[in-house]
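In: Fold the following, please.
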Amino acid sequence: MIDRLADLFREHEAWIAAARHIDPRATSSVYFSHRPGEVWRLEHGGGETQLLPGAAPDPDLVFRFSPGAVARLEATRGGISAFAVELFSRMLDEDPEQRVDFRIVADFRRLATRGYVRLLLAAGPRVVAFGLAHGVASLGALRRLVAELRSRDPADWERS
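Out: A predicted model of the protein is given here:
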């Protein structure tokens with residue numbers, strides 16, 4: 001499962017295109033629901049995104065992928081927008097077997113500086129429509145959502 005997600009980040013055209021919008025300093029810590037206690041990090045360098053063992057020292061984001069969520073992401077076809085909508089849908093899924101758990105660590109300014117807002121805009125109308133359907137109708141609303149998600153304490157699975 002870890003290798004499958006690593007392959008998506010490194011090889012899939014939509015993920016490669018998305019990474020072009022993100023600053024090389026951006027990092028995320030990644031956990032897997034079926035591998036408690038293990039932590040990985042996403043880094044972009046040398047022209048590719050790599051999933052490497054060990055926590056990111058100062059992550060912007062923290063994710064926990066379930067095997068079902070990885071399978072759903074693998075099955076997604078299309079560009080950045082299709083993958084973004086699928087990823088966001090997995091974050092909202094109530095089924096733990098299909099869910100991506102998520103926490104924002106960085107403040108809005110750092111996220112914007114590192115290209116995450118630019119990536120959302122590059123994803124286009126489909127992502128904007130998804131945001132509108134979930135109450136994110138403006139940059140101010142996005143800023144408030146980031147502040148809300150950032151205020152969450154680390155989850156138990158991050159501490160194990």
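In: contacts and neighbour counts: CA atoms only from here.
Out: OK.
In: tell me how far stretch 3-19 is from the chain's mean position?
Out: Centroid separation for stretch 3-19 versus its chain: 12 Å, with Cα atoms, centre = their mean, to the nearest Å.
In: Give the buried residues for it.
Out: 5-10, 14-16, 18-19 (16 or more other Cα atoms under 10 Å).
In: can you check stretch 104-118 too?
Out: Quick answer for stretch 104-118 (16+ other Cα under 10 Å): 104-106, 108, 111-112, 114-117.
In: thought residue 137 was touching residue 127?
Out: No: the criterion here is Cα atoms under 8 Å, and residue 137 misses it with residue 127 at 11.1 Å.
In: ok, these two, which is more surrounded?
Out: Set residue 137 next to residue 127 and count neighbours by other Cα atoms under 10 Å: residue 127 wins out with 21 against 14.
In: which stretch of helix or strand covers the residue nearest the centre of the chain?
Out: In the chain, the C-alpha nearest the mean C-alpha coordinate belongs to residue 63, at 6.4 Å (Cα atoms, centre = their mean). Per DSSP states H and E: residue 63 is located in strand 61-65.
In: Report all helices and strands that the helix or strand that that strand is followed by contacts.
Out: Next along the chain after strand 61-65, taking DSSP H and E as the criterion, comes helix 67-75. If you count contacts as 3 or more Cα pairs under 8 Å, 6 or more residues apart in numbering; DSSP states H and E, helix 67-75 packs onto helix 2-11, helix 80-92.
In: hey, least reliable of the ones you listed by pLDDT?
Out: Lowest mean pLDDT within those: helix 2-11, at a mean of 92.
In: Report the angle between that one and helix 67-75.
Out: 30 degrees (axes from the mean of the first three to the mean of the last three Cα atoms, to 10 degrees).
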